[in-house]
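[1] Fold the following for me, if possible:
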Amino acid sequence: MLDTILAHLCTLKSRTYFFRVVATRQTSSSGKPKSPRVQVVLPEELCVRLTALAELESRTVSNMAKVLIQQGIQRYEQEQSSVVSAPSLASTEGFRSALEAQQPRRLRGAPRRLRLYRPS
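    A predicted model of the protein is given here:
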């Protein structure tokens, strides 16, 4: 039923993106709360592409949309975390180049022996 609603909404709004988060949490007939719902209006071309992808993977249109949104969010979060970690990479490179610029020092004298004591 949700697929037909999505298809109908796609035909109603052919070139407009519209996102609305439905804040109310509905309950099923058994009394258990349903998952939160999001209503999205897509351009017709995007709706056709989404439907084709869903058929290709034997999924419903709403499930395919959910999977693609999850993947997009994961990719976005990974890109954001790599941007945050980039300064630490630059400081690592700076530290490495500073160490490589130092002259090697010779050790004087014979190596000292370490005495290791076994715990009693």
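
[2] what are the ranges of the helices in the protein?
    2-12, 44-56, 61-101 (DSSP state H).

[3] Make JSON lines from those helices and add mean neighbour count, mean pLDDT and distance to R113 to it.
    For every residue, glycine as well, the C-beta is placed using N, CA and C. Supplementary listing: these in JSON lines, determined by neighbours: other CB atoms under 10 Å; pLDDT from 0 to 100; distance: least, CB to CB, whole Å:
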{"stretch": "helix 2-12", "mean neighbour count": "14", "mean pLDDT": "57", "distance to R113": "76"}
{"stretch": "helix 44-56", "mean neighbour count": "14", "mean pLDDT": "95", "distance to R113": "69"}
{"stretch": "helix 61-101", "mean neighbour count": "11", "mean pLDDT": "82", "distance to R113": "28"}
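
[4] Go through those and name the closest to K34.
    helix 2-12 (11.5 Å; CB to CB).

[5] what number of residues lie near V41?
    16 (other CB atoms under 10 Å).

[6] residue nearest the centroid of this protein?
    For the chain, Q74 is the residue whose C-alpha lies nearest the centre (CA atoms, centre = their mean; 1.0 Å).

[7] roughly how far apart are it and L46?
    Distance, Q74 to L46, by CB to CB, to the nearest Å: 20 Å.

[8] try S97
    Taken as CB to CB, the span from S97 to L46 is 48 Å.

[9] Over to Y117?
    72 Å.

[10] Need the outlier residue of the chain, farthest from its centre.
    Computed with CA atoms, centre = their mean, the most peripheral residue in the chain is G109, at 56.1 Å.
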